[in-house]
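Undergrad: everything below, folded, please.
(chains A, B and C)
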Amino acid sequence: MSALLEVEQLEVGFGSRTSAVRGTSLTVERGETHCLVGESGCGKSVTALAVMNLLARGGHRRAKRLSFQGEDLLKLDDNGMARLRGNAMAMIFQEPMTSLNPAYTVGSQMTEVLRRHKGSSQRVATDRAADLLARVGITAPGLRLGQFPHQLSGGLRQRVMIAMALMCDPQLLIADEPTTALDVTVQAQILRLLAELQRDLGLGMLLITHDLGIVARVATRVSVMYAGEVVESAATAQLFADPKHPYTQGLLRCVPVPGKQRQDEPLGSIPGTVPRVGPGFEGCAFRERCSFADATCAHQIPRKTASPGHDYLCRLPAPVKALT
Amino acid sequence: MLSFLTRRLIVAFLVAATVMTLAFILTRLSGDLATSIAGPNATQADIDAIRKAYGLDRPVLTQFFDWVGRALTGDLGESYFFKARVSALIAERMPVTLTLGLTGLVIALVVSLPLGILAAVRENTALDRCVQLVALLGQAMPSFWLGLILMITLGLQLGWLPISGTGSWQHFVMPGIVLAFSAIPALTRLTRAGMIQAMGSDYIRTARAKGLSRASILLKHALRNAAIPVVAIAAVQLGFMLGGSIVIEQVFALHGVGYLAWESIGKNDFPVVQAVVLVLAVIYVALTMLADLMNAVLDPRLRGP
Amino acid sequence: MSVAVVNAGPKRGWKSVSTWIGAVIVGLAVFCALAAPWIVPYDPFAQDLGKRLVVPFWMTGGSSEHLLGTDQLGRDYLSRLIWGCRISILIGVTVTIVSGLIGITIGVLGGFLGGRVDDAVLFAITTRLSIPVVLVALAVVGLLGSSMTLLVLTLGLLLWDRFAVVARSTTMQVRNLDFVAAAWCAGCSRFRILSREVLPNIASHLVVVATLEVALAILLEAALSFLGLGVPPPLPSWGLMIAEAKDYMFFSPWVIVIPGVALFVLVLGINLLGDGLRDLFGARTDT
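TA: Numbering: from 1, shown residues only, chains lettered A, B, ... in the order given. Here you go, the predicted model:
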């Protein structure tokens, strides 16, 4: 049986000059949470939007393979893709404040999903919406259904977005930094909710984040993205225990771990920013910021396997010791 | 919302009062009204009689407050030339002007909404540029001239529509088109800009992520939000059209309020002129308030938490 | 995400072409307006009843003697057209100067001082918008008799609203910027801040408004003259030319087509130029 979502060699460009995603591959299995991590601008959101075929105007995608439940998404036309979206595959976004239409009630926006995909009556759809609102921890769902987005707080709106995504019992849920725009306390609640829903409903989830703390808590697998490429991919425990790529190592050093870190010890940081990479770029995109870089890094880098299910993209042969 | 409405009502009342004052001053600009009403061949006795008959011998302030007081009760005075109540004259002519204005607005909306949506959906394509060009051409078109050209082409050469008068609905088509031309550029641009903004918004991305049909995304989710400024401007444009219909009514010999005002200006019939100015201003103010109300219906955020 | 780079390409070229077209039209019109007395082939006021309604050169019966034919009184149409351009430009510019002075003063004061003053300014704008322009202008000219000065003053007093709206909103934006705060702190006087800091920074927006206002004033003058209550005859305003030729339009449509097209092209040119300037300055002029 094929995996839930298989992405192989995905490339996304905007115009002719910018490559946002360069040959990304990843797999999401049923019932697992796959985390995609990286800095802002590394192409993780674009990857998700490309999978959903929701790229902004001017964006174009290409892939060796892009399949969902064994179905080739690249062969689907707009209408066929629309039939899948919100139905078998759903997505929630980073900006709960603006992601709901201000002109319609929460109820109207939730029920239209079910009516569209399952042809349900308004009554059935409303009941389902109320159930789901209760499920995502919203009290008085009947009242909330009649309210407009501006009457809800950011946390509530994100809960509504989650409930809306679940309307049609999706197999795959893509969550694009769902907690970034929220207060820290609310972040934890939303995250716990997502993890719980994923477990209870057996969802396959692709969770995009830049927060390694989140990754450690919820991910089954992790893919680290840098400048449009997956530079390292492994099971969560493996990645945290034995990061192979200098970038992954750098990222991990940026996370404060209470108890393990001395009070006055400075946090790690990676100097520089993510470079803009155009088509025809060769070699390791991280080499400008990497303290191990040498001339060979400007040539094509082979993908290496450290152990089964753990591969990385670096010329360095051996596990690199933590740098100081 | 309620306090907002009260505030709007107070402002509307003050605007009406100011316009009343201005209209009164306007008609007194020419100096001695009695002389101009009496005409060049009148004797001094005639002029005195007119001055007395119309109360022009009283102090100006008395005349003003008399007019305001009567206007508040709906009495706009008496026309010199038509020998009739001004309110009756306006009531008699208003249907023509309103029909014309509404025809113009409907035509303008029927043209600009689809054009604006189309241009927004095909942003930066040849089609978009064509629509923008149409808006530009419409903006530069002198309406009275367009009226004459339509009379020559549609009226005389093709014989599709009657050239002047108010006999049937066909009589309102040409003037309606001409009047619509003045509103189409603004409405098209606003619809286009609103749709482009809406289509780039996060909630449209959500709607697409929900797998909604293209029609539902465009017409339900995007247009509803893009329509909010369009409604406001449409109401304002209707107000401008009613005010500007004086030219069109003259071109097509439509005997509406504008035509009445034009005739009265020629006859120095100042009670009619000041009343028409006042009535048109009050209609405009009422329309802008209506637009605010409609916006509150369309945009729930305006209704408060 | 790198989405910002998209959509920068094709529009610019097209826009700049249209701006250039506008600039050429306006340039030509301004030249005609300034040089009218020297470039008109005939005296635009000289009647020749023997040569009434001579057709333009491209129609059968036309000649190169009168390129655009003659009007119902035998006056050379090309000469009247050029003279009419002078009048249109003159009215457009002077009305805009009058309305600009009023509107900018009111708008800047409202935006700069805020509070009660701003409330009064907003009220003035609201009141102004509720007054039907054409009707009031007609009434004034009708009651006081038509003359160029009166027409310019009347239209100027009626068309200041867009200046006021834009001046007010842009002043409000500039007022809150850091360099204005710095000038306050440096102890500059209100007048100095207005003239040295605020006005230069809102000027580009006002220039765009001014082009649109010139176009609007030209259109309104034509409409008023067409109704017989604008420019007094025998001055050849384009609106008046159309009005005078109206009786003949069903038999010889060119008599109204020529001045109408001239009016249309001039206004279009000004608008094209204005749009180009707006893009150039990145100005906002929506009211």
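Undergrad: every contact and neighbour count from this point should use C-alpha atoms.
TA: Noted.
Undergrad: ok, now which ones touch residue 211?
TA: If you meant another chain, say so; for now it's chain A. By CA atoms under 8 Å, 6 or more residues apart in numbering or on different chains, the contact set of A:Asp211 is A:Val37.
Undergrad: let me rephrase: I mean chain B.
TA: Contacts of B:Gly211 (CA under 8 Å, 6+ apart): A:81-87, A:113.
Undergrad: and what of B:Ile177?
TA: Shown in contact with B:Ile177 (CA under 8 Å, 6+ apart): B:104, B:107-108.
Undergrad: report the buried members of those.
TA: In terms of neighbour count (16 or more other CA atoms under 10 Å in any protein chain shown), the buried residues within these are B:104, B:107-108.
Undergrad: do I have it right that B:Asn295 meets B:Val230?
TA: No. With contact defined as CA atoms under 8 Å, B:Asn295 and B:Val230 do not form a contacting pair (9.6 Å).
Undergrad: okay, those two: which has more neighbours?
TA: Set B:Asn295 next to B:Val230 and count neighbours by other CA atoms under 10 Å in any protein chain shown: B:Val230 wins out with 23 against 20.
Undergrad: ok so, going back, from the buried ones among the contacts of B:Ile177, which land in helices?
TA: Those of these mapping onto helices are B:104, B:107-108, per DSSP state H.
Undergrad: out of the residues you listed, which is nearest to chain A?
TA: Within these, the smallest distance to chain A is 24.8 Å, found for B:Ala108 (CA to the nearest CA).
Undergrad: which residue sits closest to C:Val231 in space, ignoring its chain neighbours?
TA: The shortest distance from C:Val231 to any non-neighbouring residue, by CA to CA, 6 or more residues apart in numbering or on different chains, is to C:Ser225 (5.4 Å).
Undergrad: and for A:Leu10?
TA: Leaving out its chain neighbours, A:Leu10 is closest to A:Ala63 (CA to CA, 6+ apart), at 4.2 Å.
Undergrad: quick revisit: and which of the contacts of B:Ile177 is nearest to C:Val30?
TA: Nearest to C:Val30, judged by CA to CA, of the contacts of B:Ile177 is B:Ala108 at 33.4 Å.
Undergrad: what parts of the stretch 201-305 of chain B come near chain A?
TA: Proximity of the stretch 201-305 of chain B to chain A is confined to B:201-206, B:208-213, B:221, B:224-225, B:298-301, B:305 under the rule CA under 8 Å from any CA of the partner chain.
Undergrad: for the residue of the stretch 1-150 of chain A found nearest chain C, which three-state class applies?
TA: Relative to chain C, the nearest point of the stretch 1-150 of chain A is A:Gly41 (4.7 Å; CA to the nearest CA). Secondary structure, DSSP: H, G, I helix; E, B strand; the rest coil: A:Gly41 is coil.
Undergrad: that's a strand at B:Ala119, yeah?
TA: No. Using three-state DSSP, the secondary structure at B:Ala119 is helix, not a strand.
Undergrad: excluding sequence neighbours, find me the nearest residue to it.
TA: B:Asp128 (4.2 Å).
Undergrad: list the contacts of that neighbour.
TA: B:Asp128 neighbours (CA under 8 Å, 6+ apart): B:118-120, B:122.
Undergrad: near chain C, which residues of chain A?
TA: A:14-15, A:18, A:20, A:40-43, A:45-46, A:56-58.
Undergrad: quick check on those residues: which are buried?
TA: For those, a burial check counting by 16+ other CA under 10 Å picks out A:14, A:18, A:20, A:41-43, A:45-46.
Undergrad: which one of those residues sits closest to C:Cys185?
TA: The nearest member of those to C:Cys185, counting by CA to CA, is A:Gly41 at 40.5 Å.
Undergrad: could you give the backbone dihedrals for the closest one?
TA: phi 90, psi 10 (degrees, to the nearest 10).
Undergrad: what does stretch B:187-202 contact?
TA: Contacts of stretch B:187-202 from elsewhere in the structure, counted by CA under 8 Å, 6+ apart, are A:95, A:98-100, B:108-109, B:112-113, B:115-121, B:123, B:132, B:135, B:204, B:218, B:222-223, B:225-227, B:229-230, B:233-234.
Undergrad: quick check: mean pLDDT of it?
TA: In this model, stretch B:187-202 has a mean pLDDT of 90.
Undergrad: likewise stretch C:183-190?
TA: What stretch C:183-190 shows for mean pLDDT is 80.
Undergrad: what's in contact with that stretch?
TA: The contact list for stretch C:183-190, computed with CA under 8 Å, 6+ apart, reads C:Ile193.
Undergrad: that stretch spans what distance, first to last residue?
TA: Its start and end residues considered, stretch C:183-190 measures 10 Å (CA to CA, to the nearest Å).
Undergrad: burial count for C:Glu213?
TA: 27.
Undergrad: contact partners for A:Leu10?
TA: A:21-25, A:47, A:61-66.
Undergrad: what's the distance between the most centrally placed residue in chain C and chain A?
TA: By CA atoms, centre = their mean, chain C has its centre lying nearest to C:Val214, at 1.5 Å. Counting by CA to the nearest CA, to the nearest Å, the gap from C:Val214 to chain A is 38 Å.
Undergrad: pretty sure that residue sits against C:Ser99.
TA: No. C:Val214 lies out of contact with C:Ser99 (CA under 8 Å); the separation is 10.1 Å.
Undergrad: how about the residues of the stretch 151-300 of chain B that lie near chain C?
TA: Going by CA under 8 Å from any CA, the residues of the stretch 151-300 of chain B near chain C are B:152, B:156, B:240, B:243-244, B:246-247, B:250, B:258, B:261-262, B:265-266, B:268, B:273, B:277, B:280-282, B:284-285.
Undergrad: dump the residue contacts of whichever residue of the stretch 1-150 of chain B sits closest to chain A.
TA: The nearest approach of the stretch 1-150 of chain B to chain A comes at B:Glu123, 10.0 Å away (CA to the nearest CA). B:Glu123 is in contact with B:Ile196, counting by CA under 8 Å, 6+ apart.
Undergrad: torsion angles phi and psi at the nearest residue to A:Ala219 once chain neighbours are set aside?
TA: Of all residues not flanking A:Ala219 in the chain, A:Thr33 sits nearest, at 5.1 Å (CA to CA, 6+ apart). Here is the backbone geometry of A:Thr33 (degrees, to the nearest 10): phi -100, psi 120.
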